[in-house]
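Student: Below: sequence and its predicted model.
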Amino acid sequence: MKIKVCGLRDKGNVKKLMDLPLDYVGFIFYSKSARYVGADFDAEITKMIPLHIRKVGVFVNEATEKILTLAKKYQLDVIQLHGDESPEDCRLIKSSGLEVFKAFQLNEAFQFERLDAYQKVCDCFLFDTKSDSYGGSGKKFNWEILKKYKGETAFFLSGGIGIDDLEAVKAFQHSKLFGLDVNSGFEQSPAVKNVVLVEEFLKSVRQIKDEQ
């Protein structure tokens with residue numbers, strides 16, 4: 001079970017989180033997000049992250065050329081596309097050597113057939129809650145919907161996951177579940193995570209999955 005903490009930008013906060021056994025950390029390069037890293041984001045922040053922790057850049061309907069430029073500047077390992085990007089957009093980025101995570105917003109009406117064209121051009125999917133914005137709603141969706149997902153691509157479960165969801169995480173079963181994506185449920189303020197709470201969650205999730 002992989003854990004991804006998304007929506008970071010504060011250097012001191014990132015440094016503290018590096019002491020935890022995280023798998024992925026995410027930085028949002030979308031100016032309309034409350035967790036936007038900013039136009040002058042310090043590249044030293046991503047450079048101090050250990051190699052075993054994968055650095056994810058989150059983009060929304062951004063030009064591929066700009067994504068690749070920022071990926072190089074900030075030494076990103078993974079590009080998470082959280083907008084209306086096409087399979088071709090995913091293919092172009094993946095062909096550059098970067099991993100591609102494609103996010104989809106789910107509700108009861110979601111048609112999983114939409115994912116067929118993305119299966120071979122994405123390394124992982126991320127299933128988030130349907131909202132008027134591109135993620136960051138802090139709300140959960142009905143995970144039972146995912147029983148309809150029969151694809152081969154593994155996925156992250158996202159959308160308002162917090163420390164109070166441990167029992168729900170324990171109960172949720174799907175052969176393609178790869179990890180959990182957490183963000184607003186662990187914040188003290190936008191982009192600043194409660195490190196103690198994240199650590200507690202990590203220990204509990206790992207214990208749950210070890211028991212299964």
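Tutor: Nice, thanks for sending it over. Numbering: from 1, shown residues only.

Student: So which other helices or strands are in contact with the longest helix seen in the chain?
Tutor: In the chain, with assignment by DSSP state H, the single longest helix is helix 195-211. Under the contact criterion of 3 or more CB pairs under 8 Å, 6 or more residues apart in numbering; DSSP states H and E, helix 195-211 touches strand 2-5, helix 11-17, helix 166-171, strand 177-182. For glycine as for every other residue, the C-beta is placed from the backbone atoms N, C-alpha and C.

Student: which other residues reach the next helix or strand after the second one?
Tutor: This points to helix 11-17. Remark: after helix 11-17, the chain's next helix or strand is strand 24-28, criterion DSSP states H and E. Counting contacts by CB atoms under 8 Å, 6 or more residues apart in numbering, the residues outside strand 24-28 that touch it are 2-9, 14, 17, 35-37, 41, 46, 49, 53-58, 74, 76, 78, 80, 179, 181, 183.

Student: Give the rounded mean pLDDT of strand 24-28.
Tutor: The average pLDDT within strand 24-28 is 99.

Student: on that earlier part again, save the helices and strands packed on helix 195-211 as TSV, and put in distance to K147 too.
Tutor: TSV is the format used below for the helices and strands packed on helix 195-211 (distance: least, CB to CB, whole Å):
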stretch	distance to K147
strand 2-5	21
helix 11-17	33
helix 166-171	13
strand 177-182	12
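
Student: chain center to the top strand by length along the chain: distance?
Tutor: Longest strand of the chain, by residue count under DSSP state E: strand 99-106. Mean C-alpha position of strand 99-106 versus that of the full chain (CA atoms, centre = their mean, to the nearest Å) differs by 8 Å.

Student: Mind giving me the packing neighbours of it?
Tutor: Where contact means 3+ CB pairs under 8 Å, 6+ apart, strand 99-106 is packed against strand 78-81, helix 87-94, strand 124-129.

Student: Just want the angle from that strand to strand 124-129.
Tutor: Strand 99-106 runs at 30 degrees relative to strand 124-129, counting by axes from the mean of the first three to the mean of the last three CA atoms, to 10 degrees.

Student: Just the residues contacting strand 99-106, thanks.
Tutor: Applying CB under 8 Å, 6+ apart, the contact partners of strand 99-106 are 54, 56, 77-82, 85, 90, 93-94, 110, 114-115, 118, 121-131, 134-135, 141, 145-146, 156, 158.

Student: what do you get if the cut-off is 7 Å, keeping everything else the same?
Tutor: If you take CB atoms under 7 Å, 6 or more residues apart in numbering as the criterion, strand 99-106 is touched by 56, 77-82, 85, 90, 93-94, 118, 121-131, 135, 141, 145.

Student: Sounds good, over and out.
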